[in-house]
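Colleague: pasting a predicted model and its sequence here:
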Amino acid sequence: MGASASKIKFRESLTSLISRDVSPDDAEFWDELWKIPSSADEVFELLTPDNARRLRDERFDNLATLFTQATAQLCQIVETPYTIYFDQALNCVRVLTRVLPFLLEKGDLGENDPNVEALCWGENNNTAVDGGGAASVMGNSTVKRTFTGDSESQVTKEEEEEEEEDSQEPLALLVVHAAMHMLFLPQFTCEFYEEEDEEDDDGEVDSGSDSDVSFDEDEDNDKDTDVTLQKKRLAKADKESSLEAGLGKPRRIRKGVRLSPQPAGIVWAPGVGFTNDGKCHIGANNDPNRRVRRTHKKTVLNPEAAYTRKYDKNRIEVLRLLLATCSDPLFSPADEYNPLASRWMSVAVAADAPNASCLFYSLLNTVISYDPSNSSFGGVPYSSKLASDSHVKLVDLSAQVLCVLLDCGLSGNPLPVQNHYGEPVVSYSEAHKGGFNMFRVLLARINDGKDLNTLYRGFVRLLRNTFESKNTLLPSSQSRLECYQEILILLWKTLEENPLFLDFILTRCDVCEMVVPICYIMYTSRQDASKIGLVHLCTFILLKLSGERSFGVSLNRPFRTKLPCDLPLFSGSHADLVSITLHKMIVNGSYRLVPLYSCFLTVICNISPYWRSVSLVSSVKLVNLFELFSSPKFLYSGDKAYKHLALLLEIFNNIIQYQYNGNQHLVYAIVRRKDAFGRLASLTLPKAIQQCSKAFPSHLQPEYDADAAEQVAALSIQNVDERGNPIHAADSREDKSTKRANNPAKSWESNEDTVVTEGSSDPGVKERFTPSEAWLAELRSSLPLETVNRLLQHLVPVVDDMCERQNGVVDETEILEVFKDITMVGLLPVPHAIVIRKYQPNQYTSIWFTAFMWGVVFLRSQQPPIFDAECIELFQIS
């Protein structure tokens, strides 16, 4: 059958499904439907959103049969993976990918249609047919597995028969499990392999136990006497990092759900846990007290075939299906979203989800091992234009699916737990808890220094491509990564889930390599309304990093990278890069970035106590910000607008008190703008009222909402000292948090100008702010002006005297030299305690991240268009 003929035949079959009732017993119709050759584009083109909804609303029985038949076909191919049926299986995958989002529109997170509920989750679902023998596997051992032991084992026939008498597994579970099986189907998505039958050392096959009792081992194995000094040093560093993070030594239990991929040879790419020749070192340790696992069959690896890309197209098709099955959060309103509510996602991330460990490492390694600069033909310029883009699509889709799977459930427990073989496991009690997410546990448990370094180098390589692809000698000669938003989301998830990763990149890596692309992305996105959410994400990453002392110290490394943007020329450190970037976001960024102003200043404030030498450019721009925020249009825009001035003064105080030597440029900039500080110190109520009335006549409303910025900061920032102990400020944030809780929609915006998350109701006309005695008293008590005033009292006369002696003609370098020789010891107030403001997770930022992530997935899943915009509730689309 030719391509045009098959397309016509497929169209006729779909027309029949929509226009008339088709009996489930019409084996000829259904068999022919699945055997018609069709591509993904054809399926999505012919089965339009309108047709899919008509099929769901007017011919639900036909849709139920279609869904059941397709699921049964996938279950059959998993049970008997014959290559002659692979094309038919792909047809089923494409049809399910198309119809599932429309079913989920009326799922339990959407309109909660009882017919959809009965079809997907109903027990004793007998809508399967016997056509072609596909449906005979619906209730039996197709994907029936359990985690009773150190490896997945098949349930006995007697147990299956007893369970079949009671109920059958729901179709939703079957389709998710079938998809996860198909991602590792021999000759379809991976090379052929044999599963290992494993034994305990008493000769019995390991069937598991529910015991969770600690014990001591008596058996000894041969010690590895050839461990090099380098390996010992790295192992010691890893151990110290674990102790510093509060993880301690691994706890031992007899049995648990294994986290190491089984079999390891089917993972798609090298990277975390896997070497380039296909070897896995997850769970491999040199503990002399661990038992040795014996196996009946050994998986034979072919290093030449390891990590083959010849199955990329099939992997893409099945990953699309898995993404479609997890898409029901799209149809939940943001203010009602519950990360534990999706049953579809709960099935995919459960402890008994088939091949979950293999899928996690495959997705993660596919992403972080990708090198855009050397993607084909050894890095020859323009070679990416000639190569197939299948692997690039797989990288994109892998990043999206991994982000989605990491976004549901509860955070993973990073505390190391091992079985008596020294392999990482999760206790059964933890695995059975509600909200358990295998993927979040796997991410949290990455603790080997080699793996953490691989993870960091992968993130850096991919993010640096955002500017390196534009820095080439030949224009557009290097391919540009399109999934950098997903990479940033994965980076954020890793920082949040894995406590060792943050410590590792700050103490054993050059974190500046990561800061440069983040600043570049923010700088180039500042005026693009479609990238507001991206700027939010980058800001939260910087805020998270800046909460650590090591980050501020690391930023003192000199900045020499050439970026393809209009960044002001300066000679300084990476701290200057961060400061100049955030200054530009305020003075030349989109108005929709106003809610982030407090976060921008907080990042600079966190690094300021460790900033050894502020460059001339940064010094001028920081003082410019002080003048900007002390101007009437900003100062009187809200009753909390002075909070920005308080942060800027704290920045100046930190540098003056702790890093005075080497910061003459900043000191001189403050002296030159002394009037701005003097006006603020001498502010009176009549003057404030006069300035406010002049800045905002009766017919004008403030354009700048300072309170919105303060609400964001109040939610996401917690004050701590250098040791991490919470500081309870006199000005409690509880009232603001309560105020924000009453309106969670305010000030949170999405990644695209066509996508607005968290609602868009008009907040109404804001009550005009008028200065009062109480406001003025609060302003004076909140602004730490004493240090700057003392500095000016001592240095202004020195500069005036120099000008008098040289008739007003004084070179700036002379003043800087004088400042170098002047000591402020005994002249400044007693140094204040350093206050670090850390990122504080909360439910509103969590919802924002979910909405942002799904906005990215939605906009990047348009070829073919997996999701239709009409019924999406998580964010608004115009």
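Modeller: Cool, the structure landed. Numbering: from 1, shown residues only.
Colleague: ok, residue 524 - how many residues close by?
Modeller: The burial metric for residue 524, expressed as a neighbour count using other CB atoms under 10 Å, is 18. Every C-beta, even on glycine, is put in place using the N, C-alpha and C of the backbone.
Colleague: er, residue 774 I mean
Modeller: Using other CB under 10 Å, the number of residues around residue 774 comes to 9.
Colleague: quick one: distance of stretch 847-860 to the chain centre.
Modeller: 10 Å (CA atoms, centre = their mean, to the nearest Å).
Colleague: so, low pLDDT: which residues of the stretch 701-850 of the chain?
Modeller: Low-confidence segments of the stretch 701-850 of the chain, defined by pLDDT under 70, are located at 701-715, 723-724, 728-767.
Colleague: what about the helices in it?
Modeller: Remark: helices of the stretch 701-850 of the chain, listed N- to C-terminal, are 706-716, 734-741, 773-782, 786-805, 812-821, 843-859; assignment by DSSP state H, counting those that start in this stretch.
Colleague: same question, the stretch 401-550 of the chain
Modeller: Listed in chain order, the helices of the stretch 401-550 of the chain (DSSP H, counting those that start in this stretch) span residues 428-431, 438-444, 449-468, 484-497, 499-507, 512-525, 532-546, 549-554.
Colleague: could I get the helices of the stretch 701-850 of the chain as JSON lines with distance to residue 401?
Modeller: JSON lines is the format used below for these (distance: least, CB to CB, whole Å):
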{"stretch": "helix 706-716", "distance to residue 401": "27"}
{"stretch": "helix 734-741", "distance to residue 401": "32"}
{"stretch": "helix 773-782", "distance to residue 401": "47"}
{"stretch": "helix 786-805", "distance to residue 401": "52"}
{"stretch": "helix 812-821", "distance to residue 401": "55"}
{"stretch": "helix 843-859", "distance to residue 401": "9"}
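Colleague: of the ones you listed, which is nearest residue 456?
Modeller: Among these, helix 843-859 comes nearest to residue 456, with 21.3 Å by CB to CB.
Colleague: list the buried residues for that closest one?
Modeller: 844-845, 847-859 (16 or more other CB atoms under 10 Å).
Colleague: just the CA coordinates of that helix, formatted as PDB?
Modeller: The C-alpha trace of helix 843-859 is given here as PDB (Å, rounded to 0.1, in the frame of the first residue of the first chain):
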ATOM      1  CA  GLN A 843       4.000  26.000  47.900                       C
ATOM      2  CA  TYR A 844       3.600  29.100  45.700                       C
ATOM      3  CA  THR A 845       7.100  28.900  44.200                       C
ATOM      4  CA  SER A 846       6.500  25.100  43.800                       C
ATOM      5  CA  ILE A 847       3.300  25.800  41.800                       C
ATOM      6  CA  TRP A 848       5.100  28.400  39.800                       C
ATOM      7  CA  PHE A 849       7.900  26.000  38.800                       C
ATOM      8  CA  THR A 850       5.300  23.400  37.800                       C
ATOM      9  CA  ALA A 851       3.400  25.900  35.700                       C
ATOM     10  CA  PHE A 852       6.600  27.200  34.100                       C
ATOM     11  CA  MET A 853       7.900  23.700  33.400                       C
ATOM     12  CA  TRP A 854       4.600  22.600  31.700                       C
ATOM     13  CA  GLY A 855       4.600  25.900  29.800                       C
ATOM     14  CA  VAL A 856       8.000  25.000  28.400                       C
ATOM     15  CA  VAL A 857       6.900  21.500  27.600                       C
ATOM     16  CA  PHE A 858       3.700  22.700  25.900                       C
ATOM     17  CA  LEU A 859       5.400  25.200  23.700                       C
END
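Colleague: contacting residues around the closest residue to residue 650 other than its chain neighbours?
Modeller: In space, residue 650 comes closest to residue 605 once its chain neighbours are excluded; the distance is 5.4 Å by CB to CB, 6 or more residues apart in numbering. With contact set as CB atoms under 8 Å, 6 or more residues apart in numbering, residue 605 has these partners: 647, 650, 651, 654, 837.
Colleague: just the ones in helices from the residues you listed, please.
Modeller: 647, 650, 651, 654 (DSSP state H).
Colleague: take these and write them to a markdown table, including neighbour count and pLDDT.
Modeller: A markdown table is the format used below for the ones in helices among the contacts of residue 605 (neighbours: other CB atoms under 10 Å; pLDDT from 0 to 100):
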| residue | neighbour count | pLDDT |
| --- | --- | --- |
| 647 | 21 | 95 |
| 650 | 23 | 95 |
| 651 | 25 | 96 |
| 654 | 24 | 94 |
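Colleague: as a markdown table, those residues with distance to residue 531 would be great.
Modeller: As requested, the ones in helices among the contacts of residue 605 are arranged in a markdown table below (distance: CB to CB, whole Å):
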| residue | distance to residue 531 |
| --- | --- |
| 647 | 25 |
| 650 | 30 |
| 651 | 27 |
| 654 | 31 |
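Colleague: residue 472: which of those is nearest?
Modeller: Nearest to residue 472 out of the ones in helices among the contacts of residue 605 is residue 651 (CB to CB; 37.4 Å).
Colleague: distance of residue 672 relative to residue 666?
Modeller: When CB to CB, to the nearest Å is applied, the distance between residue 672 and residue 666 equals 11 Å.
Colleague: who's more crowded, the two?
Modeller: Each of residue 672 and residue 666 had its neighbours counted (other CB under 10 Å), and the higher figure belongs to residue 666 (26 against 15).
Colleague: one step back: now the residue nearest to residue 650: which helix or strand?
Modeller: Residue 605 is located in helix 597-607, with elements delineated by DSSP states H and E.
Colleague: give the next helix or strand downstream of that helix.
Modeller: For helix 597-607, the following helix or strand on the C-terminal side (DSSP H and E) is helix 616-630.
Colleague: return the set of buried residues in that following helix.
Modeller: Buried-residue list, helix 616-630, by 16+ other CB under 10 Å: 616-626, 628-630.
Colleague: surely residue 472 and residue 478 touch.
Modeller: Yes: counting by CB atoms under 8 Å, residue 478 is a contact partner of residue 472 at 5.1 Å.
Colleague: who's more crowded, the two?
Modeller: Summary of the neighbour comparison: residue 472 and residue 478, criterion other CB under 10 Å, with residue 478 having more neighbours (22 against 13).
Colleague: correct me, but the more buried one touches residue 468?
Modeller: Yes: the pair residue 478 and residue 468 passes the contact test of CB under 8 Å, sitting 6.9 Å apart.
Colleague: which neighbours do those two have in common?
Modeller: Where contact means CB under 8 Å, 6+ apart, the residues bridging residue 478 and residue 468 through contact with each are residue 373.
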